[in-house]
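Peer 1: Give me coordinates for this.
(chains A and B)
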2 protein chains.
Amino acid sequence: MAQPSPPSATPHRRFLDPFKGIVASPPPIWLMRQAGRYLPEYRATRTQAGGFLDLCYNPALAAEVTLQPIRRYGFDAAILFADILLVPDALGQPLRFAEGEGPLLDPIRSTADLSRLKPEATRSKYDLVAETVARLRQDLPAETALIGFCGAPWTVATYMVEGRGSKDQAAARLWAYRDREGFGRLIDILVETSIVYLCGQVKAGADVLQIFDTWAGSLPDDEFDRWVVEPTRRIVEGVKDHYPDVPVIGFPRGAGGSALWYVSETGVDGIGCDTAMPPYMMGEAFDDENVVVQGNLDPLLLVTGGEALEERTREILERMQGKRFIFNLGHGIVPETPPENVARLVEIVRGG
Amino acid sequence: MAQPSPPSATPHRRFLDPFKGIVASPPPIWLMRQAGRYLPEYRATRTQAGGFLDLCYNPALAAEVTLQPIRRYGFDAAILFADILLVPDALGQPLRFAEGEGPLLDPIRSTADLSRLKPEATRSKYDLVAETVARLRQDLPAETALIGFCGAPWTVATYMVEGRGSKDQAAARLWAYRDREGFGRLIDILVETSIVYLCGQVKAGADVLQIFDTWAGSLPDDEFDRWVVEPTRRIVEGVKDHYPDVPVIGFPRGAGGSALWYVSETGVDGIGCDTAMPPYMMGEAFDDENVVVQGNLDPLLLVTGGEALEERTREILERMQGKRFIFNLGHGIVPETPPENVARLVEIVRGG
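Peer 2: So this is what the prediction gives:
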């Protein structure tokens, strides 16, 4: 008679297989922004919460929206519902959202402004996020992995310095050119607090971490090294000092050919590929690196659906066969996405 | 006694040396948007012209603003003052500029809308541009090369379909996914008319052509091939049917690693590198291609000036030494640029 598993046994989360050197077939799948406005149930919960920030800081509701796409589609991983700008908000640079304007912050433009940031005061807000993670670990199916995340220091800094989203991240780039030391202090603050923030998420139950560097592509190579690669390397190191086994996925959006350098220097366990990453790079260039490749379907194909979606999805699956691969989009799901196209995508990836 | 050169002799334009296989030292230099708002004399002429479009279609004033940076800095090449959206305007999709909003066009979203475009009616507007070129060839110093240009079909189409600038070129990308044939017809129209437009510029006196593909980076690889590489290849071929010796520079902004493929497939003679192009690619990857490399100083360093500008400029010069290279920025000059920093840059590049 087979012994029942002891209750303390870790359930098998196939999402984690690629990080253990196992080629999973079909590949695990999750989608960036899988919890979001394209889902009617998300829109309902968001209305219930009040504003977007209220939703992020409400552990019960943030956990609820994180679970919604898992219930619908059975993705192999859930990703904590939060925002990369919770970090400046927790540091004391209050975040607000103006209708149709995106995130707004009172800009930090000089070394003097840095005194407004209080890393020692972040705890109450980081604890709310950790509580969401803890609830999720309890409510998620045992076989679903849970991804925690933060924004990379460079990307978060671009918003902190500009005070909002910008086309070319000019304010941060100019500060970085004019005053390496002062801008470097901002980056240092972000590195340190990101380690605290991510470790809190792992402690609360996150299985994997992703570092989003949305604006990595706006930096010339030497600046890329200084403000993208080096701070990310320090975060990976800082987290692994406490949790050596937690896999970290880096997503240096727009890095192009520099993604190889990023992988070899930062120590990330996985590389998120954006939509523009050439197939030969995804399929071959990372072969010599000990890294899991994740990506990179164009989210607009989820809007289109039909033949174009099928064709391109199968192309990616075929190219990545036999590799340690996680299926994902190359950018986040857009709000116009018909939910049934997401269901179809999951079906195709799982062999339908 | 030395014979005087016959008056018909072609003067030496050192800008053209790299295209003839000659390594020029110091490298020729011009800067994208070298005629523009950062120059007080440009702002004065623009006021005199009325609107931006009035300036583009006024051969005397368009020639004047083209000449202004040549007078100030003695660049090795002038670039025709015009706009990539003159082509849809000439085709019958009227272009307008709303204060603070950038370009506006009535969007073309379907095959039915294509009937609004009249390639046979472009002549009167293309002739105005050619007249600017002809005036320039007369007024420019004999040793200064003259660059004509157009927008690449993909980039021009993104504006035609969206009706304005956009963050992610979603409208054009969606049409391209949903209806390859219909969108392909728009691209065909643009390929054909661009050949006519560019040949008109060469006939009027342009020495070199550049094809600006600002949004090349927004396309996944297979779409990049279809909408960036293939149409560009056809334009290069179409122009060379009439003018086999005119060098063509391609500028597929954001193409990253795909720039190599672009170079080998399109037949361009020069590759414009954007700011994010990694140094190893600029310095080595193109070595096996028979191509002139152009780029790629960050325009924000021209705002900053000082030590950071000097250092990075010398790095680029050193790396590209011994290669067929043209010094340029990686994007256009920004309006906040102090004109004296441009003077300093030219001095550094020329050995000062």
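Peer 1: neighbours of residue A:165, just the number please.
Peer 2: 15 (other C-beta atoms under 10 Å in any protein chain shown). (C-beta placed from N, C-alpha, C; glycine too.)
Peer 1: Check the one 4 residues further on too.
Peer 2: Residue A:169 has 23 neighbours, counted by other C-beta under 10 Å.
Peer 1: wait, it sits on residue A:218?
Peer 2: Yes - at 4.7 Å, residue A:169 and residue A:218 qualify as touching, with contact defined as C-beta atoms under 8 Å.
Peer 1: anything in contact with each of the two?
Peer 2: Residues touching both residue A:169 and residue A:218 comprise residue A:158, with contact defined as C-beta atoms under 8 Å, 6 or more residues apart in numbering or on different chains.
Peer 1: Check the gap between residue A:40 and chain B for me.
Peer 2: For residue A:40, the distance to chain B under the criterion C-beta to the nearest C-beta, to the nearest Å works out to 22 Å.
Peer 1: wait, what's in contact with that residue?
Peer 2: Contacts were defined as C-beta under 8 Å, 6+ apart; by that measure residue A:40 touches residue A:339.
Peer 1: do the same with residue A:336
Peer 2: Residue A:336 touches A:38, A:303, counting by C-beta under 8 Å, 6+ apart.
Peer 1: Could you do residue A:350 as well?
Peer 2: Neighbouring residues of residue A:350 by C-beta under 8 Å, 6+ apart: A:26, A:29.
Peer 1: Ok, residue A:96 next?
Peer 2: Listed by C-beta under 8 Å, 6+ apart, the contact set of residue A:96 reads A:53, A:103, A:104, A:105.
Peer 1: Name the SS class of the first one, please.
Peer 2: This means residue A:53. With DSSP: H, G, I helix; E, B strand; the rest coil as the basis, the three-state label of residue A:53 is helix.
Peer 1: Among the contacts of residue A:96, which ones are in strands?
Peer 2: Among the contacts of residue A:96, the ones falling in strands (DSSP state E) are A:103, A:104.
Peer 1: out of the contacts of residue A:96, which one sits closest to residue B:289?
Peer 2: Compare each of those with residue B:289 using C-beta to C-beta and the shortest gap goes to residue A:103, at 42.5 Å.
Peer 1: roughly how far apart are the residue nearest to the closest one when sequence neighbours are not counted and chain B?
Peer 2: Of all residues not flanking residue A:103 in the chain, residue A:85 sits nearest, at 5.4 Å (C-beta to C-beta, 6 or more residues apart in numbering or on different chains). Relative to chain B, residue A:85 is positioned 18 Å away (C-beta to the nearest C-beta).
Peer 1: residues in contact with residue A:85?
Peer 2: Shown in contact with residue A:85 (C-beta under 8 Å, 6+ apart): A:95, A:103, A:105, A:151, A:156, A:159.
Peer 1: Generate a ChimeraX selection restricted to the buried subset of these.
Peer 2: To isolate in ChimeraX the members of those that are buried, counting by 16 or more other C-beta atoms under 10 Å in any protein chain shown, one can use:
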select /A:95,103,105,151,156,159
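Peer 1: Let's verify whichever residue of chain A sits closest to chain B: helix, strand, or coil?
Peer 2: Closest approach between chain A and chain B, counting by C-beta to the nearest C-beta: residue A:256, at 2.6 Å. Each residue gets one of three states, and residue A:256 gets coil by three-state DSSP.
Peer 1: just checking, it touches residue A:217?
Peer 2: Yes - with contact defined as C-beta under 8 Å, residue A:256 reaches residue A:217; the gap is 6.9 Å.
Peer 1: hey, what's in contact with both of these two?
Peer 2: When contacts are counted by C-beta under 8 Å, 6+ apart, residue A:256 and residue A:217 are jointly contacted by B:254, B:276.
Peer 1: In contact with residue A:55, which residues?
Peer 2: Contacts were defined as C-beta under 8 Å, 6+ apart; by that measure residue A:55 touches A:45, A:46, A:49, A:61, A:62, A:65, A:81.
Peer 1: Do you have the helices of the stretch 1-150 of chain A handy? List them.
Peer 2: For the stretch 1-150 of chain A, the helices defined by DSSP state H, counting those that start in this stretch occupy A:40-49, A:52-56, A:59-73, A:86-91, A:123-139.
Peer 1: buried set for the shortest one?
Peer 2: When neighbours are counted by 16+ other C-beta under 10 Å, the buried residues of helix A:52-56 are found to be A:53, A:55, A:56.
Peer 1: could you measure the last one against residue A:105, distance?
Peer 2: So the one you mean is residue A:56. Applying C-beta to C-beta, to the nearest Å, the value for residue A:56 to residue A:105 is 15 Å.
Peer 1: residues from the stretch 101-250 of chain A in reach of chain B?
Peer 2: On the criterion C-beta under 8 Å from any C-beta of the partner chain, chain B has as its neighbours in the stretch 101-250 of chain A the residues A:167, A:170, A:173-174, A:177-178, A:217-224.
Peer 1: okay if I get the residues you listed as JSON lines plus secondary structure, distance to residue A:309 and pLDDT?
Peer 2: Supplementary listing: those in JSON lines, determined by DSSP: H, G, I helix; E, B strand; the rest coil; distance: C-beta to C-beta, whole Å; pLDDT from 0 to 100:
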{"residue": "A:167", "secondary structure": "coil", "distance to residue A:309": "30", "pLDDT": "84"}
{"residue": "A:170", "secondary structure": "helix", "distance to residue A:309": "36", "pLDDT": "95"}
{"residue": "A:173", "secondary structure": "helix", "distance to residue A:309": "37", "pLDDT": "96"}
{"residue": "A:174", "secondary structure": "helix", "distance to residue A:309": "41", "pLDDT": "96"}
{"residue": "A:177", "secondary structure": "helix", "distance to residue A:309": "43", "pLDDT": "95"}
{"residue": "A:178", "secondary structure": "helix", "distance to residue A:309": "46", "pLDDT": "95"}
{"residue": "A:217", "secondary structure": "helix", "distance to residue A:309": "25", "pLDDT": "91"}
{"residue": "A:218", "secondary structure": "helix", "distance to residue A:309": "30", "pLDDT": "89"}
{"residue": "A:219", "secondary structure": "coil", "distance to residue A:309": "33", "pLDDT": "93"}
{"residue": "A:220", "secondary structure": "coil", "distance to residue A:309": "35", "pLDDT": "88"}
{"residue": "A:221", "secondary structure": "helix", "distance to residue A:309": "35", "pLDDT": "80"}
{"residue": "A:222", "secondary structure": "helix", "distance to residue A:309": "39", "pLDDT": "87"}
{"residue": "A:223", "secondary structure": "helix", "distance to residue A:309": "37", "pLDDT": "94"}
{"residue": "A:224", "secondary structure": "helix", "distance to residue A:309": "33", "pLDDT": "95"}
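Peer 1: Narrow those to just the buried residues.
Peer 2: Here the buried ones among these, as counted with 16+ other C-beta under 10 Å, turn out to be A:170, A:173, A:174, A:177, A:178, A:217, A:218, A:219, A:220, A:221, A:223, A:224.
Peer 1: hang on, the earlier thing: kindly reformat the residues of the stretch 101-250 of chain A next to chain B as CSV containing distance to residue B:335.
Peer 2: Conversion of these to CSV gives the following (distance: C-beta to C-beta, whole Å):
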residue, distance to residue B:335
A:167, 14
A:170, 11
A:173, 16
A:174, 14
A:177, 17
A:178, 18
A:217, 23
A:218, 19
A:219, 22
A:220, 20
A:221, 26
A:222, 25
A:223, 22
A:224, 25
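Peer 1: closest to residue B:280 among those?
Peer 2: Lowest distance from residue B:280 to these (C-beta to C-beta) belongs to residue A:221, with 8.1 Å.
Peer 1: quick revisit: backbone phi and psi for the residue nearest to residue A:103, please?
Peer 2: Comment: the main-chain dihedrals of residue A:85 come out as phi -90, psi 10, following degrees, to the nearest 10.
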